[in-house]
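Student: Sequence and computational prediction follow.
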Amino acid sequence: MANTQELRQIIENKRAEYSDEDQPQFQKLVADLQKADAMDALAQHWAMKEFLELLKGRIAGLNQVLSEKRKIDELERENMLDRKELYQEFINLFDLQKQKNTIEEIIKTL
Amino acid sequence: MSLIQTIKDWNLRRKMLNIQQFAHAHRHFLVIIADPKDDTIFVSYRDKQLSGKISSADGQGHEVVKRLLKHSTFHSSIDRFLASLVDVLKCSVEKGSDFYKFIDGAVFSISQALSKRPEDKDAEINKLMNLIAEGKDVELYHRHKKRFTRESREYLESLLFINAEPSATK
């Protein structure tokens, strides 16, 4: 797994091989990498850490209810699943590893 | 999309899920929610949840809910709002006339209450205090006692020589 600096270097190296028409694609990748770095820095803040922990706790709570409660009506179940998805989306937003994986996958296809 | 916008959208979705959960928990109540930001209406009763958007014949929104809550534009917006409610509820005006009249009256009262600015309320309270102080009107003071702050009450009570409850002063 490459770190941010290495990824940036790979992008720069690849960038040189391509024509001007393809440059916006690389610019976007660099911007995405910068964004992921900024998100990671934000995720290190104690308030954000606590909030992310809270969301993880809620997901665990929802998982427990979904697996243990016998009678859940359809509407409630759907609401819980939507909620889980929503919380997970927010957590992923601040997950540098996931963001980097996505960028790495894109680089591989180039 | 910027981070702020992403978080705003995320929060909006979270709010919608909260509303759905609230409507489900109170499924025996008729719940009507209208959002002034985007003119959406959400109606729920017995786990039947419906939502719609207020739009005119030209398909454009006209900030109906926002205008409805503004006292000066209430009358020009109430018809469009009720028409949207009829549309979402699938209940004709003839059948639900009492209900629609109630909604009309309730929203009118809210818009009226919101139209009073804090400065106006302060001016009204000051006028009332002067009236009580000048006329030494104990009865008027007791009638509006709850509207005054603690300091104003203490000042008026010292002025009117009140130490006891209204029944004891009579």
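Tutor: Happy to help now that I have it.
Student: so where do the helices sit in chain B?
Tutor: Secondary structure of chain B (DSSP state H): helices located at B:3-25, B:64-68, B:74-89, B:97-115, B:118-135, B:138-143, B:150-160, B:166-169.
Student: got a list of contacts for the fourth one?
Tutor: Surrounding helix B:97-115, the residues in contact under the criterion C-beta atoms under 8 Å, 6 or more residues apart in numbering or on different chains are B:32, B:68-72, B:74, B:78, B:81-82, B:85-86, B:91, B:93. For glycine as for every other residue, the C-beta is placed from the backbone atoms N, C-alpha and C.
Student: Check the second one too.
Tutor: Applying C-beta under 8 Å, 6+ apart, the external contacts of helix B:64-68 come out as B:34-37, B:39, B:54, B:73-74, B:76-78, B:80-81, B:84, B:107, B:111.
Student: and what of the fifth one?
Tutor: Contacts made with helix B:118-135 from outside it, assessed by C-beta under 8 Å, 6+ apart, are listed as B:Asp137, B:Leu140, B:Tyr141, B:His144, B:Arg147, B:Phe148, B:Ser152, B:Leu156, B:Leu159, B:Leu160.
Student: buried subset of these?
Tutor: Buried members of these, scored by 16 or more other C-beta atoms under 10 Å in any protein chain shown, are B:Asp137, B:Tyr141, B:His144, B:Phe148, B:Ser152, B:Leu156, B:Leu160.
Student: any chance of these in CSV, plus distance to B:His24 and pLDDT?
Tutor: What follows is the buried ones among the contacts of helix B:118-135, written out as CSV (distance: C-beta to C-beta, whole Å; pLDDT from 0 to 100):
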residue, distance to B:His24, pLDDT
B:Asp137, 53, 81
B:Tyr141, 48, 86
B:His144, 43, 84
B:Phe148, 43, 82
B:Ser152, 46, 83
B:Leu156, 50, 83
B:Leu160, 54, 81
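Student: what's the distance between the most centrally placed residue in chain B and B:Ala34?
Tutor: Nearest to the mean C-alpha position of chain B, counting by C-alpha atoms, centre = their mean, stands B:Ile110 at 3.6 Å. Going from B:Ile110 to B:Ala34 by C-beta to C-beta, to the nearest Å gives 11 Å.
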